[in-house]
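# Generate a structure from the sequence data that follows.
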Amino acid sequence: MAQSNNGSILELQRAAVLRMLNIGGGDQQGWGGSQTWKVLIYDNFCKEVVAPLLRIGGLRNHGVTLHLNIENSRQPVADVPAVYFLEPTEKNIKSILEDLEKGLYENCYINFASSVTRPLLEDLAKGSLQSRAAQKVQGVFDRYVSFVSLGQSLFTLNLPTAYYHLNSTTSGDQFIEQYLERIVDGLLSVLVTMRALPIIRCPPGNESPMSEMVARKLEERIRELLTRGGPQAAELFSAESRGGPADMGPGASSGRPLLCILARDVDLITMLHHTWTYQAQCHDLFGLRLNKLTVPVDGADSAAPPKPKSYDVDESDQFWIQHAGSPFTVVGEAVHEAIEDYKKKTATMSADQGQQEDPNMALAPGLAAAINALPEMTEKKRSIDMHTNIAMALMSEIKARELDKFYEMEDQFSSQSVGTSIKAMEELVAETQKGTLLDKTRALMCLYLSKPSMEPAKLQALIEAVAAAGGDVDGMNYLQHLSSIRSMSMPTMTRDNSNPSGSGGGGGQGLMGAMFKLADSAKATSEGMLAAGVQGLKTIVASDKDTPVCQIMDGLMEQKPGGITENYIYLDPKAPPVAPGGEAPRIRAAFRRGIAFVIGGGNYPEMQSLQEWGTKHGRQVCYGSTDMVSPTQFVEELCQLGKTLGADMR
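Take a look at the predicted model:
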């Protein structure tokens with residue numbers, strides 16, 4: 001996305017958290033007069049909010065000597081203030097009051113991730129007075145940071161299994177109401193952090209009831225905040241207060257972003273499809289979460305089993321920034337090029353050192369430059385080792401499960417005939433050496449969602465074949481139930497569905513077979529195997545299709561008439577309220593900034609598709625969801641829904 005880091009959601013949220021830690025006041029965040037040593041107390045949710053923003057060293061640099069979970073037993077810390085960073089819940093209010101009564105800290109600054117309700121605030125005030133510790137409470141703040149920033153234009157509300165909770169028959173109306181309120185709290189936090197007062201668009205309730213409920217609740221919350229909060233509330237949404245572009249009013253779309261709220265059912269295939277880009281594969285195969293993943297790494301002893309090793313992959317890593325959205329083949333080649341470049345630079349540094357024969361001589365210019373470059377070279381070596389190990393682990397999974405064949409086959413479903421697709425799926429299910437049962441279940445789900453009109457008898461035969469092999473088909477039962485109550489047809493893809501490489505999913509030994517023959521004959525080092533392995537993958541091309549979410553954002557941001565967004569609801573929380581059935585005056589110009597939010601889980605291919613569209617069209621687009629959900633996790637949610645559905649029908 002074409003935007004500066006200073007305007008990114010990650011940097012804006014980091015700045016908000018640093019303001020919270022800067023309890024001395026003022027704008028300076030570094031060491032100095034306002035810097036104070038402190039204890040940070042957080043709950044599990046807020047711990048994960050902080051994790052991608054500030055590592056342990058980052059917290060220490062801002063005066064945090066201890067960071068403790070409020071749910072754990074804690075000892076008194078004399079002469080040190082406490083900064084509480086918590087969700088506004090009854091349980092957390094009770095814990096704060098217990099700390100005040102015990103006198104654990106000299107004084108405290110209480111920060112809530114989202115807006116605290118008046119009843120909870122009254123409980124806090126009453127309890128602190130009763131414990132005679134009200135004077136220790138230096139301030140209570142609504143921080144509006146109730147979300148997790150995973151990248152410059154990527155956020156989640158950290159609400160896992162949202163799709164299951166919002167679609168399960170076991171979820172009562174009160175539970176769903178509270179869950180939707182949490183989503184609204186998170187979206188309000190995102191908008192306040194971005195200083196953005198958006199135009200809100202969503203499908204109508206007959207197509208997506210959850211989307212409309214969240215959109216209308218959010219509009220109501222913003223309107224209420226602007227009406228009752230006065231100038232201070234209006235400043236929450238003003239970009240001028242952080243030095244950004246000012247909100248130019250309802251007539252200037254370039255000054256206001258578009259927020260599109262969608263439900264996951266708008267596109268289920270992308271959640272299940274096997275992936276081929278680096279970041280998406282890390283998420284799919286190794287459970288990338290909060291920008292951290294764990295992969296098996298071979299040690300010096302080749303006979304010993306690989307040991308798990310954890311890595312942080314985030315915006316501080318230049319290789320990750322450049323290649324997170326790249327196809328696996330490109331990543332493998334880039335790792336090899338980085339290794340060769342590193343070897344050349346180290347050879348040059350060694351040569352410069354060899355020229356320094358007299359230890360009493362002043363440092364030669366080349367040697368001095370080499371010494372200055374040591375920190376950079378050390379970091380480059382760390383990054384190369386990390387990405388080599390990650391790429392090797394990915395390659396091992398691809399080899400063991402032949403995931404390239406799954407990716408290519410699923411990608412061709414939308415352009416193939418029903419008969420050809422069914423035949424390919426039948427061959428895949430019969431193949432015992434190719435993929436796991438979960439891989440085959442995902443492929444079957446993709447086939448059904450791509451070809452909802454396939455003959456019931458042939459579909460049932462495929463389901464029974466997967467079940468006979470030991471697969472869990474409850475998820476397929478749920479998808480069939482969903483099909484019976486709503487249209488399962490996806491918006492039409494606009495990109496060319498032809499295979500640019502001309503390589504089919506069957507025939508011969510396949511591209512990965514050639515890759516691993518080369519890898520097996522290479523020298524037994526990770527660098528050599530990776531370089532050799534990638535050579536056989538050059539004809540595998542990542543799909544270039546726009547996802548449905550991307551197509552929707554294109555229609556809305558470009559204000560295209562007709563199409564799939566023609567009947568989308570239009571809400572403007574800044575405009576005067578309109579009567580039921582009415583609509584606020586519309587902005588007609590194209591939007592330059594947009595936020596796409598998906599209720600029920602997001603995924604990296606969808607995010608990457610949206611970012612590529614934004615870059616191509618000169619638009620700033622941010623992607624968010626209730627949580628980033630891997631295909632494995634989503635299949636589990638579908639299967640759980642199927643089990644619940646089956647129990648209800650018995």
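
# got the buried residues for the helix or strand that contains residue 332?
Taking DSSP states H and E as the criterion, residue 332 maps to helix 328-354. By neighbour count on 16 or more other Cβ atoms under 10 Å, the buried set for helix 328-354 is 328-336, 338-339, 349, 352. Using the backbone N, CA and C atoms, a C-beta is placed for each residue, glycine as well.

# same check, this time on stretch 91-104
Result for stretch 91-104 [16+ other Cβ under 10 Å]: buried residues 92-93, 95-97, 99-100, 104.

# got it, and stretch 111-127?
By 16+ other Cβ under 10 Å, the buried positions in stretch 111-127 come out as 111-116, 121, 123-124, 127.

# can I see the domain layout of this structure?
Structural domains annotated on the chain: 5-145, 150-267+547-649, 278-403+512-535, as defined by automatic domain parsing.

# returning to that earlier point: can you tell me which of the buried residues of helix 328-354 is nearest residue 278?
Closest approach to residue 278 among those (Cβ to Cβ): residue 331, at 4.6 Å.

# Just list the residues touching that closest one, thanks.
For residue 331, the contact set (Cβ atoms under 8 Å, 6 or more residues apart in numbering) comprises 278, 323, 387, 391.

# out of those residues, who has the most neighbours?
residue 278 (28 neighbours; other Cβ atoms under 10 Å).

# Spatially nearest residue to it (excluding sequence neighbours)?
residue 331 (4.6 Å; Cβ to Cβ, 6 or more residues apart in numbering).

# Quick check: that neighbour vs residue 341, distance?
As defined by Cβ to Cβ, to the nearest Å, residue 331 lies at a distance of 15 Å from residue 341.

# and if you look at residue 288?
26 Å.

# Using TSV, lay out the buried residues of stretch 111-127 together with pLDDT.
As requested, the buried residues of stretch 111-127 are exported to TSV (pLDDT from 0 to 100):
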residue	pLDDT
111	97
112	98
113	97
114	95
115	93
116	94
121	96
123	96
124	96
127	95
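
# Throw those residues into a markdown table and include secondary structure, thanks.
Shown next, in a markdown table, are the buried residues of stretch 111-127 (DSSP: H, G, I helix; E, B strand; the rest coil):
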| residue | secondary structure |
| --- | --- |
| 111 | strand |
| 112 | strand |
| 113 | coil |
| 114 | coil |
| 115 | coil |
| 116 | coil |
| 121 | helix |
| 123 | helix |
| 124 | helix |
| 127 | helix |
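
# in the protein, which ranges drop under the pLDDT threshold?
1-6, 24-35, 239-254, 349-373, 486-544, 648-650 (pLDDT under 70).

# Mind doing that once more with 80?
Along the chain, the parts satisfying pLDDT under 80 run over 1-7, 24-36, 56-57, 229-234, 238-255, 299-303, 347-376, 485-545, 579-584, 646-650.

# now the strands for it?
38-42, 64-69, 82-86, 108-112, 137-142, 148-151, 154-156, 199-202, 258-263, 292-297, 307-312, 569-571, 593-599, 620-625 (DSSP state E).

# so what strands line up beside the second one?
This points to strand 64-69. Strand 64-69 pairs in its sheet with strand 38-42 (parallel), by DSSP bridges.

# Show me what the partner strand is in contact with.
Under Cβ under 8 Å, 6+ apart, the answer for strand 38-42 is 21, 23, 50, 59, 63-70, 74, 77, 80-86, 99, 105.

# ok so, going back, most widely separated two among the buried residues of stretch 91-104?
Across these (Cβ to Cβ), the longest gap, 15.7 Å, separates 93 and 104.

# Distance of the closest residue in space to residue 441 that isn't next to it in sequence relative to residue 374?
In space, residue 441 comes closest to residue 471 once its chain neighbours are excluded; the distance is 5.1 Å by Cβ to Cβ, 6+ apart. Look at residue 471 and residue 374: by Cβ to Cβ, they are 53 Å apart.

# repeat for residue 321
23 Å.

# Neighbour count: those two, which is higher?
residue 321 (14 against 10).

# Thought residue 313 was touching the more buried one, still the case?
No. Taking contacts as Cβ atoms under 8 Å, residue 321 lies outside contact range of residue 313: 9.9 Å.

# Please enumerate the helices of the stretch 301-450 of the chain.
For the stretch 301-450 of the chain, the helices defined by DSSP state H, counting those that start in this stretch cover 318-323, 328-354, 365-372, 374-401, 403-412, 418-430, 437-450.

# Quick one: neighbours of residue 69, just the number.
Neighbours of residue 69 (other Cβ under 10 Å): 13.

# Residue 559 now?
Counted with other Cβ under 10 Å, residue 559 comes out at 15.

# Could you do residue 304 as well?
Under the neighbour criterion other Cβ under 10 Å, residue 304 is assigned a count of 9.

# again, but for residue 86
21.

# ok, now which ones touch the closest residue in space to it that isn't next to it in sequence?
Nearest residue to residue 86, sequence neighbours excluded (Cβ to Cβ, 6+ apart): residue 92, at 4.4 Å. Counting by Cβ under 8 Å, 6+ apart, residue 92 makes contact with 43, 70, 86.

# with those residues in mind, which one is nearest to residue 165?
Using Cβ to Cβ, the contacts of residue 92 come closest to residue 165 at residue 43, 19.7 Å.

# Counting neighbours, what do you get for that closest one?
20.

# ok, now residue 75?
Count around residue 75 with other Cβ under 10 Å applied: 8.

# and it, what is it in contact with?
Residues near residue 75 by Cβ under 8 Å, 6+ apart: residue 104.

# TSV for the helices of the stretch 301-450 of the chain, including distance to residue 622?
Output for these, formatted as TSV (distance: least, Cβ to Cβ, whole Å):
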stretch	distance to residue 622
helix 318-323	17
helix 328-354	25
helix 365-372	38
helix 374-401	26
helix 403-412	27
helix 418-430	35
helix 437-450	27
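
# Residue 609: which of those is closest?
helix 403-412 (13.4 Å).

# Need the contact partners of stretch 135-147.
With Cβ under 8 Å, 6+ apart as the test, stretch 135-147 has contacts from 13, 16-17, 20, 23, 45, 49, 81, 85, 87, 100, 105-116, 121, 124, 128, 155-158, 185-186, 188-190, 192-193, 236, 624.

# Please pick the buried ones from these.
Among those, those that count as buried by neighbour count (16+ other Cβ under 10 Å) are 13, 16-17, 20, 23, 45, 49, 81, 85, 87, 100, 105-106, 108-116, 121, 124, 128, 155-158, 185-186, 188-190, 192-193, 236, 624.

# sorry, back to before: ok, and which of the domains of the chain has the densest surroundings?
Mean neighbour count (mean count of other Cβ atoms under 10 Å) peaks for domain 150-267+547-649 among the domains of the chain, with a mean of 19.

# Check the offset of it from the chain's centre.
How far domain 150-267+547-649 lies from its chain's middle: 15 Å, per Cα atoms, centre = their mean, to the nearest Å.

# Check stretch 457-471 too.
33 Å.

# And for stretch 72-81?
Worked out by Cα atoms, centre = their mean, stretch 72-81 lies 34 Å from the chain centre.

# Residue 198 contacts residue 595, correct?
Yes. Using Cβ under 8 Å, residue 198 is in contact with residue 595, at 6.7 Å.

# So for those two, which residues contact both of them?
257-259.

# TSV please, covering those residues and showing distance to residue 167.
Output for the shared contacts of residue 198 and residue 595, formatted as TSV (distance: Cβ to Cβ, whole Å):
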residue	distance to residue 167
257	29
258	27
259	23
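
# and which of these is nearest to residue 383?
Distance to residue 383 across these (Cβ to Cβ) is lowest for residue 257, with 33.8 Å.
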